[in-house]
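Novice: Starting from these lines, generate the structure:
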Amino acid sequence: MLIAVYLVMFLAGAAAIAVWIDYRVPRIAPGDLKTALIHLFVACLANQLLDGSIGGRVAASSLPHSRLVAAIGVIFPLVVYAALAALWTIRLAQRALGHLR
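Specialist: Numbers count the residues shown, from 1 in each chain. Predicted structure coming up:
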């Protein structure tokens, strides 16, 4: 039960930070759907490749609280970037499909 609550809070925190970054720094958002989809692809690829390899190495290291360091220092930024890329993609897709009405 405790792990499920942590996972929900972890993802909600990542989504909240992604929304905050989008609000505070709007100039970094891509201007077209193609660029947003590239960001989304890179975010998914980074999560797939780096999550297990780097996160696993940090978690297995001799650092104090190494699993926590891996979760917050490696995995969390990857999830925030994926949420930000998804936000950009959804927004630009809605804008592109808004002309169909």
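Novice: Can you get me a residue count around L45?
Specialist: Residues contacting L45 under the criterion other Cβ atoms under 10 Å number 10. The way it works is simple: take the backbone N, C-alpha and C, and place the C-beta from them, glycine included.
Novice: tell me the secondary structure for it?
Specialist: Following DSSP: H, G, I helix; E, B strand; the rest coil, we place L45 in the helix state.
Novice: elements contacting the lowest-mean-pLDDT helix or strand in the chain?
Specialist: When each helix and strand of the chain is scored by mean pLDDT, DSSP states H and E, helix 66-70 comes last, with a mean of 85. If contacts are counted by 3 or more Cβ pairs under 8 Å, 6 or more residues apart in numbering; DSSP states H and E, helix 66-70 sits against helix 33-60.
Novice: buried residues in the helix it packs on?
Specialist: L33, A36, L37, H39, L40, A43, A46, N47, I54, G55, V58, A59 (16 or more other Cβ atoms under 10 Å).
Novice: how about the nearest residue to I28, chain neighbours excluded?
Specialist: I21 (7.8 Å; Cβ to Cβ, 6 or more residues apart in numbering).
Novice: swap that for L50, sorry
Specialist: Nearest-residue entry for L50: L78, 6.3 Å, with adjacent residues in sequence omitted and distances by Cβ to Cβ, 6+ apart.
Novice: so that neighbour makes contact with Q48?
Specialist: No: judged on Cβ atoms under 8 Å, L78 makes no contact with Q48 at a distance of 9.6 Å.
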